[in-house]
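1. I would like to see how this sequence folds:
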Amino acid sequence: MQNLEEIKSTLLIQIMDQLDEKIDSLSIEIASTIESRNNDTKSSAGDKFETGREMMQIELDKNEAQLNKTVKNKHDLSQINTMCTFTKVEFGSLVITNMGKYFISLPIGKVEVDGDSIYCISLASPLGQAMMHKYEKESFSFQNKEHMIEFIL
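-> Predicted structure coming up:
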């Protein structure tokens, strides 16, 4: 089994890889939508043509917004120093509780690392809010359950 520092580094790499895949996918989708929009020729239907172009533009705007958000998330994630240890729960910390392991980063969900389930959550999530600024050996209540922070990295 990897030590916690290695787990944190592996987690970060896996999340960055997921974001890279999403960026690539969105970039391809944007290029395809632009090509379709530009190749769409005006027909005798008139309004139908304009409606189709508008629908493609809406799809393009949506994909561009997702791409911008994903690029921003990747930038935010790149600010995490995996060698840095934390004394309290904050962005970039790996938190081990009696109820589970949590990487305070982006709301990706469950990620498997070396057979361990680690939940990637944001500080804005209800659980993130409940544990924010807590220290090791400090407890907090979430969904009527007591959680004890055993370790923060």
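2. can you confirm Gly92 is in a helix?
-> No. According to DSSP: H, G, I helix; E, B strand; the rest coil, the state of Gly92 is coil, so it is not within a helix.
3. Can you classify the residue lying closest to it once chain neighbours are set aside by secondary structure?
-> Sequence neighbours aside, Ile80 is the residue nearest to Gly92 in space, at 4.0 Å (criterion: CB to CB, 6 or more residues apart in numbering). Where you see a C-beta, it was placed from the backbone N, CA and C, and this is true even at glycine. Put simply, Ile80 is coil when judged by three-state DSSP.
4. which other helices and strands contact the helix ranked longest in the chain?
-> Scanning the chain for the helix with the most residues, using DSSP state H, yields helix 4-39. Judged by 3 or more CB pairs under 8 Å, 6 or more residues apart in numbering; DSSP states H and E, helix 4-39 is in contact with helix 47-78, strand 94-97, strand 109-113, strand 116-121.
5. so where's the chain uncertain?
-> Residue ranges of the chain with pLDDT under 70: 1-2, 40-49.
6. can I see the domain layout of it?
-> Following automatic domain parsing, the chain resolves into domains at 4-78, 94-152.
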